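1. Pasting a predicted model and its sequence here:
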Protein chains: 2
Amino acid sequence: MNEEVPQAAETTTEAVEQDLPPRRVMANKLRADILNGELPPGSPLPSQRELAEKYGVARNTAAEAVKILESEGLIESRNRARPKVRERRRLLRLGAERYSNRLRNETGLSPFRAEVEKQGKTARVNCTSIERVPAPEEIAERLDLPADDDTVVRRENWYFADDEPVQVGITYIPWAIAEGTVLADSPNMGKGSLYGRFEDRGHRITWIREEIGSRMPTPEETKGLAIPAGVPVIDVIHTGIDQDEKPFEVTTFTMRADLNGLDYRIRIED
Amino acid sequence: MNEEVPQAAETTTEAVEQDLPPRRVMANKLRADILNGELPPGSPLPSQRELAEKYGVARNTAAEAVKILESEGLIESRNRARPKVRERRRLLRLGAERYSNRLRNETGLSPFRAEVEKQGKTARVNCTSIERVPAPEEIAERLDLPADDDTVVRRENWYFADDEPVQVGITYIPWAIAEGTVLADSPNMGKGSLYGRFEDRGHRITWIREEIGSRMPTPEETKGLAIPAGVPVIDVIHTGIDQDEKPFEVTTFTMRADLNGLDYRIRIED
DNA sequence: GCAAGCATCTGGCTCAAGCCAGTTGAGATA
DNA sequence: TATCTCAACTGGCTTGAGCCAGATGCTTGC
């Protein structure tokens, strides 16, 4: 490096520090390095001790700066190994077409499988429990259950793409519909999967309602879905509605937001 | 690879400490107190110094435990005041009906206003900039713009509910459509708002595509939307599509996830 | 060429001490 | 009664010291 070539404008740099505490200044500089490609995705950060020396702060402070970036989702640290700049993963895009009756009849696949395999990954679904329980209030409302008969079948499913857990779904089915069918007691749904069985019982999926929110995961979810720090979850309350406008099924999904997205095409009614 | 599928078990309490580091144990106990109502929403936490003494740890450690809960979105700390248990706010529920042509013609309101006022709040929208720019790649794709003519009007809007900033939207409109209309230069859209003007130009909104994701906010977003720690944002890439299946507008929304949710009712095609 | 063993390094976590700016509430003042 | 002042307190943040378990990489022995 020889002559000083004057910079144009400062697209980024020196708004970085303006009486901010050292850990913030440091975090800002590291963030800039990540965003401008100096620290490309996948590359390990320098050690805390090196960073501390480089920026003239205590190791503690350096660690805090790193933690800031971690909480922003820019950095991933695994156990006690070097933290790395997080790689942007390709999202699973979940649309409404996956519920299509035609698609189901043609492929015989469940909505999740259909979607994941379309995107070139390997799908796996684990049904971890099937129980008969009284419906939680939120669910009873959406299923229009009478107060004196709110028994539902609760089915818990874990969804994997390429052997990585990506979401959990809990399906609630009115007992009146599930009774005496595989819905009530078998993890194996057969051809056409869940919605095939609903159709057998006279409920053809015609509308869905999707209520979508996002929040930070609970500790249980963090553990169960192996969610890295700085990654939220997307919550979806999905209601299946049949040809007679009757809800026949509610599923609550909890999905890792770094691996899943939603993609809907919706007709606007006049 | 044996995936860990956690069980229900442990409805709540005493898995709390099992060789976890003190700050975790402490966080778990505090979390339990919050979830079981001992510390109701809105109530202030004891001071760090009190907590430290109560749990027999250094103040530093107590502060870290609090920070854990903050990052989970359970606690809100404002500047240098006592942290409080976060109150669950009512969500703005954004559906697709707000784009309805009939609704627009009847009320003359923009989609956001229609939705917010329906929910009994006061809506305000600030148009902070209108520029003519080349379309970012993501946008050009969705608008089907030819590479040699990718000029768009970029309109930045800030949305407030009851005077609180809840989302930002950036709308991109092909220059060919905006040229010579208020779309190109005026913050004031007139009756029927944005989509009224599109209709004037022969583009009646018929379909929308909504691509939804979630992530932690950038520092700019945190500042601009006054997002508390532990709250993610919901990203929506919204594409407006007309009666001829032509996209005529793309808007990217960034919304506070603690104040906004989405609620779609979607017809399943056979 | 390969596996096992081992010393080194790293991040996770805790502590005690301390400074500072902003919040808070009680009491004084108008 | 309403406003102002001010001292006490609070959380934010930093430091430097230190312990530990796990990751890492080199060396040794087969």
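-> Nice, thanks for sending it over.
2. from here on, contacts and neighbour counts on C-alpha atoms
-> Fine.
3. Ramachandran angles for residue A:83?
-> Per-residue torsions, residue A:83: phi -70, psi 150 (degrees, to the nearest 10).
4. residues in contact with the closest residue in space to it that isn't next to it in sequence?
-> Leaving out its chain neighbours, the residue that sits closest to residue A:83 by Cα to Cα, 6 or more residues apart in numbering or on different chains is residue A:77, at 4.1 Å. By Cα atoms under 8 Å, 6 or more residues apart in numbering or on different chains, the contact set of residue A:77 is A:70, A:83-84, A:228.
5. do residue A:145 as well
-> By Cα under 8 Å, 6+ apart, residue A:145 lies in contact with residue A:174.
6. what's the span of stretch A:114-134, first residue to last?
-> End-to-end distance for stretch A:114-134: 31 Å, by Cα to Cα, to the nearest Å.
7. count of residues packed around residue A:247?
-> For residue A:247, the count of nearby residues is 23 (other Cα atoms under 10 Å in any protein chain shown).
8. Would you check that it makes contact with residue A:241?
-> Yes: judged on Cα atoms under 8 Å, residue A:247 makes contact with residue A:241 at a distance of 4.1 Å.
9. Mind listing what's buried along stretch A:51-58?
-> By neighbour count on 16 or more other Cα atoms under 10 Å in any protein chain shown, the buried set for stretch A:51-58 is A:51-52.
10. residues making contact with that stretch?
-> A:22, A:26, A:59, A:61-62.
11. Kindly recompute the last result at 10 Å.
-> Here stretch A:51-58 makes contact (Cα atoms under 10 Å, 6 or more residues apart in numbering or on different chains) with A:22-23, A:25-26, A:30, A:45-50, A:59-63, A:65-66.
12. restrict the residues you listed to contacts with chain B.
-> Among these, not one lies near chain B by Cα under 10 Å from any Cα of the partner chain.
13. ok, and which of those residues reach DNA strand C?
-> For DNA strand C, the contacts drawn from the contacts of stretch A:51-58 by Cα under 7 Å from any atom of the strand are A:45-49, A:60, A:63.
14. As TSV, the contacts of residue A:77 with neighbour count would be great.
-> Shown next, in TSV, are the contacts of residue A:77 (neighbours: other Cα atoms under 10 Å in any protein chain shown):
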residue	neighbour count
A:70	21
A:83	20
A:84	20
A:228	19
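15. Nearest to chain B among the residues you listed?
-> Nearest to chain B among the contacts of residue A:77: residue A:70, at 10.2 Å, using Cα to the nearest Cα.
16. so what's residue A:31 up against?
-> Residue A:31 makes contact with A:25, A:37-39, A:65-66, A:68-69, A:72, A:74-75, A:85 under the criterion Cα under 10 Å, 6+ apart.
17. change it to 8 Å
-> Contacts for residue A:31 (Cα under 8 Å, 6+ apart) come out as A:69, A:74.
18. That one and residue A:232: what is the separation?
-> Counting by Cα to Cα, the gap between residue A:31 and residue A:232 amounts to 20 Å.
19. about what we covered before: which of the contacts of stretch A:51-58 fall within helices?
-> Among those, DSSP state H puts A:22-23, A:25-26, A:30, A:48-50, A:59-63, A:65-66 in helices.
20. what does the stretch 1-150 of chain A put close to DNA strand C?
-> Residues of the stretch 1-150 of chain A found near DNA strand C (Cα under 7 Å from any atom of the strand) are A:45-49, A:60, A:63, A:77-83.
21. how about a cut-off of 10 Å?
-> Proximity of the stretch 1-150 of chain A to DNA strand C (Cα under 10 Å from any atom of the strand) is limited to residues A:44-52, A:59-64, A:66-67, A:70, A:76-84.
22. what are the pairing partners of the strand or helix carrying residue A:154, and which direction each?
-> Residue A:154 belongs to strand A:151-161 when assigned by DSSP states H and E. Strand A:151-161 has the following strand partners under DSSP bridges: strand A:123-134 (antiparallel), strand A:164-174 (antiparallel).
23. next one: that strand to chain centre, how far?
-> 16 Å (Cα atoms, centre = their mean, to the nearest Å).
24. What subset of the ones in helices among the contacts of stretch A:51-58 is buried?
-> Among the ones in helices among the contacts of stretch A:51-58, those scoring as buried are A:22-23, A:25-26, A:30, A:48, A:59, A:61-63, A:65-66 (criterion: 16+ other Cα under 10 Å).
25. wait, does stretch A:236-246 contact chain B?
-> No: with Cα under 8 Å from any Cα of the partner chain as the criterion, chain B is not reached by stretch A:236-246; the gap is at least 9.2 Å.
26. three-state assignment of residue A:73?
-> Per DSSP: H, G, I helix; E, B strand; the rest coil, the local secondary structure of residue A:73 is coil.
27. again, but for residue A:93
-> Residue A:93 carries the three-state label strand when classified by three-state DSSP.
28. Return the set of residues that bridge with it.
-> Counting by DSSP bridges, residue A:93 is bridged to residue A:261.
29. gap between the residue nearest to residue A:83 and residue A:87?
-> In terms of Cα to Cα, residue A:77 sits 12 Å off from residue A:87.
30. Pull the number of nearby residues for the residue of the stretch 101-250 of chain A found nearest DNA strand C.
-> Here the stretch 101-250 of chain A gets closest to DNA strand C at one residue, residue A:229, 10.0 Å apart by Cα to the nearest atom of the strand. A count of nearby residues for residue A:229, using other Cα under 10 Å, gives 21.
31. could you dump the contacts of residue A:77 to a markdown table with pLDDT, secondary structure and distance to DNA strand D?
-> Below are these laid out as a markdown table (pLDDT from 0 to 100; DSSP: H, G, I helix; E, B strand; the rest coil; distance: Cα to the nearest atom of the strand, whole Å):
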| residue | pLDDT | secondary structure | distance to DNA strand D |
| --- | --- | --- | --- |
| A:70 | 95 | helix | 15 |
| A:83 | 93 | coil | 9 |
| A:84 | 94 | strand | 10 |
| A:228 | 93 | coil | 15 |
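32. Redo those as a markdown table? Include distance to residue A:170.
-> Output for the contacts of residue A:77, formatted as a markdown table (distance: Cα to Cα, whole Å):
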| residue | distance to residue A:170 |
| --- | --- |
| A:70 | 30 |
| A:83 | 34 |
| A:84 | 33 |
| A:228 | 22 |
